[in-house]
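Chemist: Return atomic coordinates for the entry below.
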Amino acid sequence: MAQVDPSGRGPAPAPAPAPVPLPALAVRAVRAAGVDRVGRARARGPLRALLAMLLTALVVGGAVPYVAGPGRAYLSYLVLAEQADPAGAARAAAEARAAGGQVVQEYPQIGVVLAYAAGGFAEQLRGRPGVAAVGATRTAPVPGPPRPLDGAGDFRVGADRVGGAHGDRVDGGRAGGGDRLEGGDDDATVTVADPGERDAWNLALLGTAPGPGADATPNLLRGPDAPATDALRKVLVAVLDSGVDDTHPDLRAAVDPKSSASCADGRPDARSGSWRPDADVGESGHGTHVAGIVGAARDGRGVSGVAPGVRIAAVRLLGPLGQYYAENIVCGMLWAADHGARAINDSYFADPWKYNCPDDPDQAALAAAVGRAVGYARRQGAVVVASAGNDGQDLGAARTDERSPNDRTAGPARSRHVGPECVRLPGELPGVVTVTAVDRDGRPSAYTNFGRGKVSLAAPGGDPDGGAQGAVVSDWPGGRYAALAGTSMAAAHVTGAVAVAAALHPDWGSDRLAGLLAATAAAACPPGPAGCGDRQYYGAGTLALPR
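Modeler: The predicted structure is shown next:
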């Protein structure tokens, strides 16, 4: 299962086994302990692992989402062709089938396929003509491929959207270059009363504090020729997360059903409601919280988003077993890009490896596949935004990973010492705008990851020990509100700011939009020791909305 990022106060204690996976994506505002997400233990043998996975699936999802095989244990694999195009994907699919794999999804935009197979599959394929890399996306086996999806749809919005860029959206400007919540289930999340859009300290740090009845929208979006709602309504941003409750009063008008889907098993499922959170999976409310920060309506009730009026593509990545596997991320990234998202929010890290190292062939393949998806999204005009993580670690130095692989079904996590070449996905990939967290005083939050040359911007993330006043209050499923803190929240502020920039400059490409945010942040930083001079924590500076 997935892991939560710790508070940054020191090494996290060894996680205890849990019967339900807890896909936590930010640090809680009121935290009971300073641990990461709770991991399941790893099986000692394939039969024991298979039984444990079946039992876990029944507990979490109510039914096993896989087709039962003939007494075999399957892993999922991403097969990357040398050609990153539809012809490459066809070649990868043919090779995967020849090696005994069952192809369940092709990603023609980037020359990758998702296949399920028994052991030895990767070794058979590596080095074959036309195959660039093969990587197992999980370590705990399942009984078979996922069940068929009837009427789920595919990536295409129009034939010209697959494999090609938008042209005028791509230029050579600057670009910067995921995370999990402390354990517990959604019922344990601290909810708060309707804040009525008051005490929005996080918006105040961006220079747009609404105050009672005030308009928080930048002046250039308020003129008679470009009202805020009209300008932002033309902008689509994607929230790749645990799902979004589009019945929440703050989000009813924001979520665009035609652009929303589930990629919870690596396949695009656009059936009605597929993008909503699964209440049976722990911490599934996280995506609703993130979406509220991005674009909650400004109506005097609840909370106001950074970009109220923006359209949100809700893309659920969180699977029924509590993971954000690489194929889920690839699927979500491509779906968002092909539906015209100008920003893609990624407040999580990929499972099962907290850090993916290039000397491991599986992990290297996963990084390459997600990297192709990020590159495709950027070429399509999307700014890819990701959280830096809540481990309190220097991403530019050697560090310890004590939670990988996090989908094991028995035994403790093993401790790995990894170097700076080992990366979080997608936050440390080239071209991603990676966001650290600051508290309400503008100081780096204790839990935030950092790293000179590794992070792009700082944004409000809050203090998990400061109660509701120190955390970020946003939407929660069921019409509720919750106070959370973490780099997840920080990334969402940047995604909202990208939406504002895109509304101001609809013809700009992804690099130029990201460059505008970096330049605005640098200009907003005051000189002296109280400013944003420490680049390892602030990157270009503290986020400020473009005007």
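Chemist: buried sites along stretch 260-273?
Modeler: Ser260, Ala261, Ser262, Cys263, Ala264, Asp265, Gly266, Arg267, Pro268, Asp269, Ala270 (16 or more other CB atoms under 10 Å). Every C-beta, even on glycine, is put in place using the N, C-alpha and C of the backbone.
Chemist: Redo those as CSV? Include pLDDT.
Modeler: Below are the buried residues of stretch 260-273 laid out as CSV (pLDDT from 0 to 100):
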residue, pLDDT
Ser260, 98
Ala261, 97
Ser262, 97
Cys263, 97
Ala264, 96
Asp265, 96
Gly266, 97
Arg267, 97
Pro268, 97
Asp269, 96
Ala270, 95
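Chemist: Just the ones of the residues you listed in strands?
Modeler: Ala261, Ser262 (DSSP state E).
Chemist: Let me know the closest of the buried residues of stretch 260-273 to Pro464.
Modeler: For the buried residues of stretch 260-273, the closest approach to Pro464 (CB to CB) belongs to Ala264, at 27.6 Å.
Chemist: and the strand or helix carrying Tyr77, which strands flank it?
Modeler: Element membership of Tyr77, judged by DSSP states H and E, is strand 75-81. With DSSP bridges as the test, strand 75-81 is paired with strand 112-117 (antiparallel), strand 131-136 (antiparallel).
Chemist: could the ones you listed go into a markdown table alongside distance to Val142 and mean neighbour count?
Modeler: As requested, these are exported to a markdown table (distance: least, CB to CB, whole Å; neighbours: other CB atoms under 10 Å):
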| stretch | distance to Val142 | mean neighbour count |
| --- | --- | --- |
| strand 112-117 | 8 | 28 |
| strand 131-136 | 12 | 22 |
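Chemist: could you dump those to JSON lines with distance to Pro527 and mean pLDDT?
Modeler: As requested, the strands paired with strand 75-81 are exported to JSON lines (distance: least, CB to CB, whole Å; pLDDT from 0 to 100):
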{"stretch": "strand 112-117", "distance to Pro527": "47", "mean pLDDT": "98"}
{"stretch": "strand 131-136", "distance to Pro527": "47", "mean pLDDT": "98"}
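Chemist: Let's have the ones you listed in a markdown table, adding distance to Asp394.
Modeler: Output for those, formatted as a markdown table (distance: least, CB to CB, whole Å):
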| stretch | distance to Asp394 |
| --- | --- |
| strand 112-117 | 32 |
| strand 131-136 | 27 |
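Chemist: that older thread, give the buried residues for the strand holding Tyr77.
Modeler: Leu75, Ser76, Tyr77, Leu78, Val79, Leu80, Ala81.
Chemist: quick one: contacts for the residue nearest to Ser272 when sequence neighbours are not counted?
Modeler: Using CB to CB, 6 or more residues apart in numbering and skipping the chain neighbours, the partner closest in space to Ser272 is Pro257 (7.0 Å). By CB atoms under 8 Å, 6 or more residues apart in numbering, the contact set of Pro257 is Asp246, Ser272, Trp275.
Chemist: Pretty sure Gly451 sits against Ala397.
Modeler: Yes: between Gly451 and Ala397 there is a contact under CB atoms under 8 Å: 7.4 Å.
Chemist: So for the two, which residues contact both of them?
Modeler: Pro420.
Chemist: more neighbours, these two?
Modeler: Taking other CB atoms under 10 Å, Gly451 and Ala397 do not tie; Gly451 has more neighbours (21 against 12).
Chemist: Count the neighbours of the residue lying closest to Thr139 once chain neighbours are set aside for me.
Modeler: Distance criterion CB to CB, 6+ apart; nearest residue to Thr139, sequence neighbours excluded, is Pro405 at 4.3 Å. Counted with other CB under 10 Å, the neighbours of Pro405 add up to 22.
Chemist: do Ala253 as well
Modeler: Count around Ala253 with other CB under 10 Å applied: 18.
Chemist: Am I right that it sits in a strand?
Modeler: No: using DSSP: H, G, I helix; E, B strand; the rest coil, the assignment for Ala253 is coil, not a strand.
Chemist: Wait, it touches Asp299, no?
Modeler: No: Ala253 is beyond contact range of Asp299, at 9.4 Å (criterion: CB under 8 Å).
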